[in-house]
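Trainee: I need the structure of the sequence given here:
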Amino acid sequence: MASLSSDKTIHTSLLLISAWIWLSSVSSLAELQHFQHPVKPDGSLNILVVGDWGRKGRYNQSEVAFQMGSVGQKLDIDFVISTGDNFYEDGLTGVDDPAFNESFTAIYTAPSLNKQWYNVLGNHDYRGDVEAQLSHILRQKDKRWLCLRSYTLKAEFVEFFFVDTTPFVDKYFTHPGDDTYDWKGVYPREYYLSNLLKDMDEALKKSNAQWKIVVGHHTIKSAGNHGVTEELVEQLVPILEANTVDMYINGHDHCLEHIIESNSQIQYLTTGGGSKAWKGQIHPWDPEELKFYYDGQGFMSMQITQKSVYIAFYDIFGRVLHAWNISKEQYSSA
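Mentor: Okay, the predicted model is just below:
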């Protein structure tokens with residue numbers, strides 16, 4: 001009997017090992033989709049970036065949207081990027097939730113904003129029906145809308161890598177408080193994250209783009225309220241540094257911010273001022289790294305060519321608060 005029990009134990013162990021090997025070899029649960037976007041005939045690409053906005057026009061969301069429309073017209077933008085927290089407080093209840101129209105379609109009405117929107121999910125979006133934001137039904141309701149968990153976007157000389165950051169944050173799983181999160185499509189979490197990191201690393205390695213820009217919701221380096229997301233520092237930053245990523249763009253902190261990491265020279269750009277801002281919430285930061293911090297509402301523009309990237313931050317009056325020109329040869333203030 002002891003021998004039979006031992007044989008069963010060995011057999012079970014072999015099955016578990018085989019299952020793990022199979023899971024490791026199959027395509028990732030977070031497998032990245034790839035999109036293409038053309039650049040202008042003159043070889044330029046102009047975009048706007050906004051985050052943390054979906055409040056049905058309140059908290060100056062409408063004012064920010066108005067200025068986005070004005071700047072978008074001047075720059076003749078090609079598309080818009082959203083850094084997440086698209087619908088407050090708790091995402092969408094489903095594809096028929098009127099908040100989609102009230103916070104998106106009916107707010108960003110300027111002709112210049114009638115371009116493709118590339119969106120990522122934020123932690124507040126995960127409090128609702130995640131599949132609703134990912135659904136093709138919303139794309140039918142408003143053709144501008146595109147939201148996936150993680151994906152890449154290539155525009156000739158620049159490639160954007162959109163990463164789903166919410167599942168990285170431990171406290172949403174261990175200490176969610178009164179909040180409920182929609183983790184369908186994420187569990188098993190460890191498998192989801194390991195494959196997402198693998199896919200991101202592989203996509204960055206394969207990219208031949210002059211500029212590599214990663215977009216996520218959560219902060220990595222920030223002097224704002226949320227500050228540093230340690231899980232991303234430990235798991236994502238090594239991949240960014242190993243693949244010479246130029247910029248990481250995020251929301252989450254309701255401010256506008258520009259930090260240059262002193263060692264890697266990665267530009268960390270926070271644009272989470274699409275509606276409600278957190279006045280007076282700034283933590284000490286190395287002034288050699290912190291190039292700009294604004295605790296109010298606003299958004300960011302990027303004008304990209306083969307040789308340079310020009311970034312600018314705007315407030316709700318359309319004033320340029322901070323601008324910076326980045327080239328591959330040197331980093332210089334505008």
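
Trainee: How much space separates the closest residue to residue 101 other than its chain neighbours from residue 92?
Mentor: Excluding the flanking residues, the one nearest residue 101 by C-beta to C-beta, 6 or more residues apart in numbering is residue 141, at 7.7 Å. (Glycine included, C-beta is placed from N, CA and C.) Residue 141 is 11 Å from residue 92, where distance means C-beta to C-beta, to the nearest Å.

Trainee: Overlap of the contact sets of the two?
Mentor: Counting by C-beta atoms under 8 Å, 6 or more residues apart in numbering, the common neighbours of residue 141 and residue 92 are residue 100.

Trainee: neighbour-wise, which of these two wins?
Mentor: More neighbours surround residue 92 than the other of residue 141 and residue 92, with 24 against 16 (other C-beta atoms under 10 Å).

Trainee: Show me where the stretch 1-150 of the chain dips below the pLDDT cut-off.
Mentor: Low-confidence segments of the stretch 1-150 of the chain, defined by pLDDT under 70: 1-31.

Trainee: which residues of the stretch 101-250 of the chain fall in helices?
Mentor: Secondary structure of the stretch 101-250 of the chain (DSSP state H, counting those that start in this stretch): helices at 130-134, 136-141, 171-174, 189-206, 230-235, 237-242.

Trainee: which of those helices is buried the deepest?
Mentor: Here the criterion is mean neighbour count by mean count of other C-beta atoms under 10 Å, and of those the winner is helix 130-134, at a mean of 20.

Trainee: ok, and what's touching it?
Mentor: The contact list for helix 130-134 (C-beta under 8 Å, 6+ apart) reads 86-87, 91-95, 97, 119, 121, 125, 138, 147-149, 182, 184-185.

Trainee: gap between it and the chain center?
Mentor: On the basis of C-alpha atoms, centre = their mean, to the nearest Å, helix 130-134 sits 16 Å off its chain's mean C-alpha point.

Trainee: Likewise for stretch 232-241?
Mentor: In terms of C-alpha atoms, centre = their mean, the centre of stretch 232-241 is set 15 Å apart from its chain centre.

Trainee: now do stretch 84-97
Mentor: From the chain centre to the centre of stretch 84-97 is a distance of 16 Å (C-alpha atoms, centre = their mean).

Trainee: Report the buried residues of that stretch.
Mentor: 84, 85, 86, 87, 88, 90, 91, 92, 95, 97 (16 or more other C-beta atoms under 10 Å).

Trainee: show me what contacts the residue nearest in space to the middle of the chain?
Mentor: For the chain, the residue nearest the mean C-alpha position is residue 216 (2.3 Å; C-alpha atoms, centre = their mean). By C-beta under 8 Å, 6+ apart, the residues touching residue 216 are 83, 84, 120, 162, 163, 164, 165, 232, 236, 248, 249, 250.

Trainee: Determine the number of other residues adjacent to the nearest residue to it once chain neighbours are set aside.
Mentor: Once flanking residues are discounted, residue 216 sits nearest to residue 165: 4.1 Å by C-beta to C-beta, 6+ apart. Other residues near residue 165 number 29, with proximity taken as other C-beta under 10 Å.

Trainee: ditto for residue 276
Mentor: Other residues lying near residue 276 total 17 when counted by other C-beta under 10 Å.

Trainee: Touching, it and residue 59? I think so.
Mentor: Yes - counting by C-beta atoms under 8 Å, residue 276 does reach residue 59; the two are 3.9 Å apart.

Trainee: Would you mind grabbing the residues shared as contacts by the two?
Mentor: With C-beta under 8 Å, 6+ apart, residue 276 and residue 59 have common neighbours residue 297.

Trainee: ok, now which ones touch the residue nearest to residue 216?
Mentor: Taking C-beta under 8 Å, 6+ apart as the contact definition, residue 165 lies against 84, 120, 216, 217, 218, 229, 232, 236, 250.
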